[in-house]
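**Student:** this is the structure alone, sequence omitted:
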């Protein structure tokens, strides 16, 4: 194999493929990146047991071929190569040579015959605008759990219908929901082998003794429902690792245009014209959201300007210690924020219009509240309140909603 390629193009391709490489693995070959040169193109691929990534870029192919090298070492070399044209060549059975601007590097080759085959590409289900999808994933992933002992709660649910793509995530103390349009390839059918709408399971609230906050749970042991939320009869559903999906979509969104969404019963694949990534699906289902989000006739609804409220929460929370709440007291035209204990306190007033019973005081985990506020883009939000220690729903319209569980504290 021998080729010439610009340094920035090579570095960008290697960086993309290396994002799925494991930091530590009992299988050394999984730390490798596969380089394939042919027909004026360079393809760089990487994989582990959970995900894969592949990218193609233009290159002058002098001699087609394949080479497998340690990915992170190759990335380190690419980053320090001088700008300009890089020559890559397999000049012996055991070495890949890279040279540019008088600098020259040699990298040991790994055995190609032992490298695992890439995962099969699932069936294409449709297309979605790349920046819109990446933004929606980021908005919802903020509510995903981080406790690896409850793997289903670290996932983000995708529900694909004939018109919309709905994303949802919860860690039992908050629940984010976002809906965006997309273009399905088969809008009226749900192929076999994928989860679809299932019988519903009742959700309930329980108190978390360490924080006094209410947790959203279902009758199953870890708060993960055995059934899906209410969706269209012909929908497809998948539970994807939230953190990995956020990283992949953020990187894919750097290219304008659409993402191709491919899905089967074990793998999600996202692709642009030059890049493709796959990730395995998680087992289990998230709790259904329809009854949790149906607050009924709430005692009060506050209308607030998002940016001033977020700044006030960030400012006042400076004195709040771990797990200490921030209190919001709503009157007719203001909300008073207060946090702290004894002499270490902070407070601020922010304009707010309250429709309903006043005054009304609720308490939230300040980190959860701030994260929820920062996921919205709309300048004005509505906060639907049931009362202390109960559910509160932040909305900017029907396509973006964020449910928070308020905290039970003495005197509130």
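**Tutor:** Arrived safely. Note that the coordinates shown come from a computational prediction; the quantities given were computed from them, not determined experimentally.

**Student:** from the middle of its chain, how far away would stretch 19-33 be?
**Tutor:** Relative to the chain's own centre, stretch 19-33 is displaced by 22 Å; criterion: C-alpha atoms, centre = their mean, to the nearest Å.

**Student:** what average pLDDT does it get?
**Tutor:** Summarised as a single mean, pLDDT over stretch 19-33 is 87.

**Student:** helices and strands of the chain: which one has the lowest mean pLDDT?
**Tutor:** strand 204-207 (a mean of 50; mean pLDDT, DSSP states H and E).

**Student:** how many neighbours does residue 63 have?
**Tutor:** Residue 63: 11 surrounding residues under other C-beta atoms under 10 Å. (Glycine included, C-beta is placed from N, CA and C.)

**Student:** is it true that it touches residue 4?
**Tutor:** No - under the criterion of C-beta atoms under 8 Å, residue 63 lies out of contact with residue 4, with a separation of 11.0 Å.

**Student:** how far away is the residue sitting furthest away from the middle of the chain from residue 42?
**Tutor:** No residue in the chain sits farther from the centre than residue 92, which is 42.6 Å out by C-alpha atoms, centre = their mean. Per C-beta to C-beta, to the nearest Å, residue 92 is found 20 Å from residue 42.

**Student:** what of residue 50?
**Tutor:** 25 Å.

**Student:** list the neighbouring strands of the longest strand anywhere in the chain plus their orientation.
**Tutor:** Assignment by DSSP state E gives strand 344-356 as the longest strand of the chain. With DSSP bridges as the test, strand 344-356 is paired with strand 300-305 (antiparallel), strand 334-341 (antiparallel).

**Student:** centre of the chain to the first one, how far?
**Tutor:** Strand 300-305 sits 28 Å away from the centroid of its parent chain (C-alpha atoms, centre = their mean).

**Student:** what of the last one?
**Tutor:** In terms of C-alpha atoms, centre = their mean, the centre of strand 334-341 is set 31 Å apart from its chain centre.

**Student:** going forward, the N-terminal residue is numbered 53.
**Tutor:** Okay, residue one is now 53; in that scheme the one you just asked about reads as strand 386-393.

**Student:** okay, buried residues for it please.
**Tutor:** Neighbour counts over strand 386-393 (16 or more other C-beta atoms under 10 Å) mark 387-392 as buried.

**Student:** average pLDDT across that strand?
**Tutor:** The average pLDDT for strand 386-393 rounds to 92.

**Student:** what's next to it, contact-wise?
**Tutor:** Residues from elsewhere that reach strand 386-393 (C-beta atoms under 8 Å, 6 or more residues apart in numbering): 354, 356, 361, 364-365, 368-369, 371-373, 376-381, 397-404, 406, 418.

**Student:** now a PyMOL select for only the buried ones of those residues.
**Tutor:** Entered in PyMOL, the line below selects the buried ones among those, by 16+ other C-beta under 10 Å:
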select buried, resi 354+356+361+364+365+368+369+371+372+376+377+378+379+380+381+398+399+400+402+404+406+418
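
**Student:** was I right about residue 129 contacting residue 151?
**Tutor:** No - counting by C-beta under 8 Å, residue 129 stays clear of residue 151, with 10.6 Å between them.

**Student:** what sits in contact with each of these two?
**Tutor:** Common neighbours of residue 129 and residue 151 (criterion: C-beta under 8 Å, 6+ apart): residue 157.

**Student:** between these two, which has more neighbouring residues?
**Tutor:** Comparing residue 129 with residue 151 by other C-beta under 10 Å, the one with more neighbours is residue 129, at 20 against 16.

**Student:** who's in contact with that one?
**Tutor:** Going by C-beta under 8 Å, 6+ apart, residue 129 touches 150, 157, 159.

**Student:** list the buried residues in the strand or helix carrying it.
**Tutor:** Under the criterion of DSSP states H and E, residue 129 resides in helix 123-132. Residues 123, 126-127, 129-130 are the ones in helix 123-132 that count as buried (16+ other C-beta under 10 Å).

**Student:** following that helix, which helix or strand comes up?
**Tutor:** strand 137-144.

**Student:** tell me the angle the very next helix or strand once past that following strand makes with helix 123-132.
**Tutor:** The C-terminal neighbour of strand 137-144 among helices and strands, as given by DSSP H and E, is strand 147-152. Angle, strand 147-152 to helix 123-132, by axes from the mean of the first three to the mean of the last three C-alpha atoms, to 10 degrees: 20 degrees.

**Student:** by contact count, what packs against strand 147-152?
**Tutor:** strand 137-144, strand 155-160 (3 or more C-beta pairs under 8 Å, 6 or more residues apart in numbering; DSSP states H and E).

**Student:** which elements pack onto the first one?
**Tutor:** By that I understand strand 137-144. strand 54-58, helix 59-70, strand 147-152.

**Student:** in the second one, what counts as buried?
**Tutor:** Looking back up the chat, that one is helix 59-70. Neighbour-count burial for helix 59-70, counted by 16+ other C-beta under 10 Å, picks out 59, 62-66, 68-70.

**Student:** for stretch 141-160, buried residues please.
**Tutor:** Using 16+ other C-beta under 10 Å as the test for burial, stretch 141-160 gives 141-142, 148, 150-152, 157, 159.
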